[in-house]
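Undergrad: Output the structure for:
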Amino acid sequence: MSTTTTRTTPPEGFIMPDFGDRGRTPAPQGNGATAAATATQGTGAAAYSGPRKMAFICSKGNLDMAYPALIMGNAALGEGVEVHIFFTFWGLDIINTKTYDNLKFTLSGNTAMHMPDLGRLRPGLEHVSMPQAMGNLPGMTGFATRMMKKQMEEMEIPSIPDFLDLLQASGAHMYACRLTYDMMKMIEADLHPGVEGVISAGDFIDIAEGAQVVFV
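TA: Now for the predicted structure:
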């Protein structure tokens, strides 16, 4: 009979990062200098105590990379969380009215791609990754894109334009990256109306203070 050993100490050389006080510890007792010292002990600064918020950074313009942040952002809004979304580099295609309804999904470079419907032919095939060479076949990107959109529709998940409308109506704050905006020679009319402004990365860092940051 084998026994399981429970490790009670970190492995040798392992260093646990200090993420500071996340508001899970009781409020310091006392007043004046004593309370202030207790609040900052071990962290060097008082923990952020404002409203809960999340900041998403969207850097990819593929269809399958657009949905994760939008879905998580919508879920966060449903929980009463303040949501900020920063679209940068190819992620700007998600809020560009000339491109956002034509985002693509490709097999190329995506070794995780598999087709659930293949399990009907033979059990187990639904878990087999599609050969990368198939991604280079003419028309394959269009086929894969249509298939993914169909699956999303069956799950009653809105299209990208409709999803942006939903986020705007729900109170999400969306921003375009100034660097990418200028690099792509975009104009204000290209942006979804829910985009509040074109800001720099530094501006977004200030906005994201105290937020949980998710990079997509």
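Undergrad: can you tell me how far Phe87 sits from Leu103?
TA: 12 Å (Cβ to Cβ, to the nearest Å). The C-beta positions use only the backbone N, C-alpha and C, and glycine is treated the same way.
Undergrad: Need the overlap of contacts for these two.
TA: Ile94 (Cβ atoms under 8 Å, 6 or more residues apart in numbering).
Undergrad: what's Leu121 in contact with, if anything?
TA: No residues are in contact with Leu121 under the rule Cβ under 8 Å, 6+ apart.
Undergrad: Look up how far Met115 lies from it.
TA: Leu121 is 10 Å from Met115, where distance means Cβ to Cβ.
Undergrad: helices and strands of this protein: which one has the lowest mean pLDDT?
TA: Least confident element among the helices and strands of the chain, by mean pLDDT, DSSP states H and E: helix 32-40 (a mean of 42).
Undergrad: for the helix or strand just after that one, packing partners?
TA: Following helix 32-40 in sequence order, the next helix or strand is strand 53-58 (DSSP states H and E). Packed against strand 53-58 by the contact rule (3 or more Cβ pairs under 8 Å, 6 or more residues apart in numbering; DSSP states H and E) you find helix 63-78, strand 82-87, helix 201-207, strand 212-215.
Undergrad: The first one: how far from the chain's middle?
TA: Read that as helix 63-78. Distance of helix 63-78 from its chain centroid, counting by Cα atoms, centre = their mean, to the nearest Å, is 7 Å.
Undergrad: Was I right to think Ile71 contacts Ile157?
TA: Yes. Using Cβ atoms under 8 Å, Ile71 is in contact with Ile157, at 7.5 Å.
Undergrad: Overlap in contacts, these two.
TA: Going by Cβ under 8 Å, 6+ apart, no residue sits against Ile71 while also sitting against Ile157.
Undergrad: where's the residue positioned nearest the centre of the chain relative to His114, distance?
TA: Computing the C-alpha centroid of the chain and ranking residues by Cα atoms, centre = their mean puts Ala69 first, at 3.4 Å. The gap separating Ala69 from His114 is 23 Å, by Cβ to Cβ.
Undergrad: Leu121 now?
TA: 13 Å.
Undergrad: and this structure, what are its domains?
TA: Domains of the chain are assigned by automatic domain parsing as 51-101+159-216, 104-155.
Undergrad: Output the contacting helices and strands for the helix or strand containing Pro161.
TA: Secondary-structure element containing Pro161, defined by DSSP H and E: helix 160-170. On a contact count with 3+ Cβ pairs under 8 Å, 6+ apart, helix 160-170 meets helix 63-78, strand 173-177.
Undergrad: Kindly provide the whole-number mean pLDDT of the longest one.
TA: Which is helix 63-78. For helix 63-78, mean pLDDT rounds to 94.
Undergrad: Sounds good, over and out.
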